[in-house]
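# 3D model of this:
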Amino acid sequence: MARLNLLEETRFEKLPVTVFSDPQSASLNVAQRIAALIRKKQENNEQAVLGLATGATPVKVYAELVRMHREEGLSFQNVVTFNLDEYYPMQPNAAQSYVTFMNENLFDHIDIDKNNVHIPDGTLSLDAIPEFCLNYERKIGTFGGLDIQILGIGRTGHIGFNEPGSAPNSGTRLVTLDDLTRRDAARDFGGKAFVPTKAITMGIGTIFKAREIILMAWNKKKASIIRKAVEGEISSDVPATYLQLSEHVEFVLDEDAASLLTRFDTPWLVKDCVWTDQLIRKAVIWLANKLQKPILKLTEDDYNNNGMAQLATEMGPVYNINIHIFNKLQHTITGWPGGKPNADDSQRPERAEPAVKRSIIFSPHPDDDVISMGGTFIRLVDQKHDVHVAYQTSGNTAVWDDDVLRFVEFNIDFSEKMGVTQDKMRELYDNMRKFIASKEPNQVDTPEIQSVKGLIRKGEAIAGARYCGVPDDHIHFMALPFYESGKSQKNPVTQQDIDMTIELLQKVKPHQVFAAGDFEDPHGTHIVCFNIILAALNKLRETEDWAKDCWLWMYRGAWHEFETHEIEMAVPISPNELERKRYAIFKHQSQKDRPVFPGDDSREFWQRAEDRNRETARAYNKLGLAEYEAMEAFVRWKFQD
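Next comes the predicted model:
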């Protein structure tokens, strides 16, 4: 019976999927399977032939294999490896090369014979590539083929670098990279312009020959493409869908990557549900959006005809369900993000007391505060709350080099105008100019250039916070050490990052904290900064009464908003406030027009923010609630006491 239930739950899925609670446990499982294969082959005096992937996804797998080598004696002397791909052109000693990646994450830490390591050669002439690719295929064949092929998946649906349009029988070859793939790699290269346009990759046909294929994916950033790969129709538009044709494939996912699969996203379509209030809210909003109806116009037939008969039967009549969810949504809307004084707060998202709250807005980068919650920021100040803003990082990797020269040139001219001696300044300027002229893509800036870039972002942040009405002594620049590497790849978080955050929190003793709650990219600055705040608050909650009463509100960045059913506080923004928010964003001149790392979106940050805020307001209005110009949305973090 349990097996029948599982088949029913997974009937939308066209290939085997195993879901783990987090990337760590999933990675341990995959590493143990690889280790078991290696040991079995050793017992039979055979070679284990592994197809390996690069990128963030397999890092924890490789770390566990290294641990097993060091602590459990797992030997790799009988292992032969073939990597999926390599950028072209690419020098093997470049920081972005997959040779460097594999050495740093695996090969330099185990006893593998380097003669058994095979990675596509990014240094070949174009004429030499076809023969190399044929030999790569032949070499895999001489070892009897791949025992296990490890895969990640790109947001285009590519496996290896088999981009949309790849044929299912394709072999190892030179390919042109999709623009989205290059945008995703931009941080590693110091900007999209420096990302190679081509790569050498194993083909889909080559991958298919492996005796076992394991595709891994973590975090919500991959959820959309995972749903297409697992539940969509087979199409060259999403090359990973070809894996549905294999009898030897398994997708290994964490809960976030699996979150848009039907059995998790809309479980009422595949099974009977335990109807929690949150699930009811999600289902009713889903139904209203699907049918393009306001919530209060949904009927019993709407429920019955769209997979929600169980909810109608168990919790109906449906109009009562509609009223309940409508009221819940209505109660998330508040013009008082710091709480409304002398008012009944039983149906409001924030407490009424104390009437004047101490608030800290934590901003991972120097502009996240105004981009993500500028309207609420201004509202808190206007309503006379004691508002602090804390910029967690300098943001010094996201400033154009020519801005550095422009600011230093101004300083030189200003010094001359004021009659100040500036020989040292000219020397610094000349050194900076020479460095920038010969700077390699993603090369770490000199300390002096890093300082100037940080000062540019600092000045802009001060201007933005002042515009919002915050006094100078309430503007805090933390420059957390984890970020100050001068590289897109940051240092590990240490206790010092947490202690600095504890010190600021202890100084202010806030009633409410606002923090960036962007969890789609686990390697991004936002989630690192959020986890530092969370660690600091959890530590303080052990001993400090004020910390136990401190509420933590999460906001989202310029690209994505919380789903409507997730929102717990929606702050309406008037046309005038939206304009004020825009002007606060304008203070960040180095990020205007074209930021260094723009992401997927060509719009300016103020345009993204306004469009997103207007869309949130429209989403509420479509469900039958009042029509506002714009809204900023928040979700409250639930501490585990």
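
# check contacts around Lys297.
Lys297 makes contact with Gly624, according to Cβ atoms under 8 Å, 6 or more residues apart in numbering. (Each C-beta comes from the backbone N, C-alpha and C, glycine too.)

# Report the separation between it and Asn538.
Distance, Lys297 to Asn538, using Cβ to Cβ, to the nearest Å: 44 Å.

# What residue in this structure is the furthest from its centre?
Gly419 (49.4 Å; Cα atoms, centre = their mean).

# and the helix or strand hosting His388, what other elements does it pack with?
Using DSSP states H and E, His388 maps to strand 386-391. Using 3 or more Cβ pairs under 8 Å, 6 or more residues apart in numbering; DSSP states H and E as the contact test, the elements touching strand 386-391 are strand 358-363, helix 368-382, helix 447-468, strand 475-477.

# Val318: which of these is closest?
helix 368-382 (34.5 Å; Cβ to Cβ).

# Tell me what angle the closest one forms with helix 447-468.
Angle of helix 368-382 versus helix 447-468, following axes from the mean of the first three to the mean of the last three Cα atoms, to 10 degrees, is 30 degrees.

# contacting residues around helix 368-382?
Residues contacting helix 368-382 (Cβ under 8 Å, 6+ apart): 335, 337-338, 359, 361, 363, 387, 389, 391, 461, 464-465, 468-470, 514, 516, 526, 555-558, 571, 573, 577-578, 580-581, 584-585, 587-588, 605-606, 608-609, 613, 630, 632, 634.

# Just the residues you listed: which are in strands?
359, 361, 363, 387, 389, 391, 514, 516, 555, 571, 573, 630, 632, 634 (DSSP state E).

# Farthest-apart pair in the residues you listed, please.
Going by Cβ to Cβ, the pair spanning those furthest: Tyr391 and Ala630, at 24.4 Å.

# Neighbour count: the two, which is higher?
Tyr391 (27 against 23; other Cβ atoms under 10 Å).

# Break down the stretch 451-600 of the chain into its helices, ranges please.
Listed in chain order, the helices of the stretch 451-600 of the chain (DSSP state H, counting those that start in this stretch) span 495-508, 525-541, 545-548, 575-586.

# Check those helices for me and report the most buried one.
helix 525-541 (a mean of 20; mean count of other Cβ atoms under 10 Å).

# List the contacts of that one.
Contacts for helix 525-541 (Cβ under 8 Å, 6+ apart): 362, 364-365, 368, 392-393, 480, 482-483, 490, 493, 497-498, 501-502, 505-506, 513, 515-519, 521, 547-548, 550, 552, 554, 557, 637, 639, 641.

# With respect to Tyr136, which of the ones in strands among the contacts of helix 368-382 is nearest?
So of the ones in strands among the contacts of helix 368-382, ranked by how close each gets to Tyr136 (Cβ to Cβ), first place is Ala516, at 43.4 Å.

# So what pairs up with that closest one in the strands?
Tyr555 (DSSP bridges).

# Tell me, please, where in this protein the pLDDT is lower than the cut-off.
1-8, 420, 485-489, 520-523, 597-601 (pLDDT under 70).

# how about 80 then?
1-9, 187, 190, 418-422, 485-490, 519-523, 557-559, 593-602, 641 (pLDDT under 80).

# Name the residues of stretch 339-359 that are buried.
Gly339, Lys340, Asp345, Arg348, Pro349, Glu350, Arg351, Ala352, Lys357, Arg358, Ser359 (16 or more other Cβ atoms under 10 Å).

# What segments of the stretch 301-450 of the chain are helices?
309-315, 318-332, 368-382, 401-418, 423-437, 447-468.

# I'd like the distance between the closest residue in space to Ile140 that isn't next to it in sequence and Gly55.
Nearest residue to Ile140 in three dimensions, chain neighbours excluded: Phe82, at 5.7 Å (Cβ to Cβ, 6 or more residues apart in numbering). Remark: distance between Phe82 and Gly55 (Cβ to Cβ) = 16 Å.

# now do Ile280
From Ile280 to Gly55 the distance is 38 Å (Cβ to Cβ).

# Please say which of these two ends up with more neighbours.
The residue with more neighbours, out of Ile280 and Gly55, is Ile280; 20 against 17, by other Cβ under 10 Å.

# the inter-axis angle of the one helix or strand that one maps to versus helix 318-332?
Per DSSP H and E, Ile280 falls inside helix 277-291. Note on geometry: by the same axes, to 10 degrees, helix 277-291 and helix 318-332 are set 100 degrees apart in direction.

# Now do helix 277-291: which elements does it pack against?
Checking 3+ Cβ pairs under 8 Å, 6+ apart, helix 277-291 ends up next to helix 300-304, helix 309-315, helix 318-332.

# Same list (those helices) but as CSV, adding mean neighbour count and distance to Leu534.
Shown next, in CSV, are the helices and strands packed on helix 277-291 (neighbours: other Cβ atoms under 10 Å; distance: least, Cβ to Cβ, whole Å):
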stretch, mean neighbour count, distance to Leu534
helix 300-304, 17, 39
helix 309-315, 16, 34
helix 318-332, 17, 23
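
# out of those helices, which comes closest to Ala210?
helix 309-315 (41.8 Å).

# Give me the contact list for the closest one.
For helix 309-315, using Cβ under 8 Å, 6+ apart, the contacting residues are Trp268, Asp272, Cys273, Trp275, Ile280, Ala283, Glu300, Tyr303, Asn304, Val318, Ile321.

# next one: it to chain centre, how far?
36 Å (Cα atoms, centre = their mean, to the nearest Å).

# Pull the contacting residues for the closest residue to Leu291 other than its chain neighbours.
Leaving aside its chain neighbours, Leu291 sits nearest to Asp302 (5.9 Å; criterion: Cβ to Cβ, 6+ apart). Neighbouring residues of Asp302 by Cβ under 8 Å, 6+ apart: Leu287, Leu291, Lys293, Met308, Val318.

# can you rerun that using 10 Å?
Going by Cβ atoms under 10 Å, 6 or more residues apart in numbering, Asp302 touches Val284, Leu287, Ala288, Lys290, Leu291, Lys293, Met308, Ala312, Val318, Asn322.

# Ok, His588 next?
Here His588 is in contact with 365-367, 370-371, 395, 456-457, 459-461, 463-464, 595, 605-606 (Cβ under 10 Å, 6+ apart).

# And for Asp401?
By Cβ under 10 Å, 6+ apart, the neighbours of Asp401 are Met432, Arg433, Phe435, Ile436, Ala437, Lys439, Asp445, Ile449, Val452, Lys453, Val596.

# That one and Phe410, how far apart?
15 Å.

# Asn29 now?
56 Å.

# How about Gln347?
In terms of Cβ to Cβ, Gln347 sits 54 Å off from Phe410.

# And for Ala479?
23 Å.

# Phe634 now?
39 Å.

# Give me the more crowded residue out of those two.
Phe634 (25 against 10).

# Which strand residues bridge that one?
Applying DSSP bridges to Phe634 yields these beta-bridge partners: Met569.

# Hmm, Ile361 and it touching each other?
No. Taking contacts as Cβ atoms under 10 Å, Phe634 lies outside contact range of Ile361: 11.4 Å.

# so where do the helices sit in the stretch 151-300 of the chain?
179-184, 186-189, 204-208, 223-231, 262-265, 277-291, 300-304.

# Identify whichever of those helices lies nearest to Gly171.
helix 204-208 (5.6 Å).

# counting contacts, what elements does the closest one pack onto?
helix 129-142, strand 148-151 (3 or more Cβ pairs under 10 Å, 6 or more residues apart in numbering; DSSP states H and E).

# ok, and for the first one, which residues are buried?
For helix 129-142, the buried set under the neighbour-count rule, 16+ other Cβ under 10 Å, comprises Ile129, Phe132, Cys133, Tyr136, Glu137, Ile140.

# do the shortest one as well
By neighbour count on 16+ other Cβ under 10 Å, the buried set for strand 148-151 is Ile148, Gln149, Ile150, Leu151.

# Counting by contacts, list what that strand packs against.
Against strand 148-151 (3+ Cβ pairs under 10 Å, 6+ apart) you get helix 23-43, strand 48-52, helix 204-208, strand 213-217, strand 249-254.
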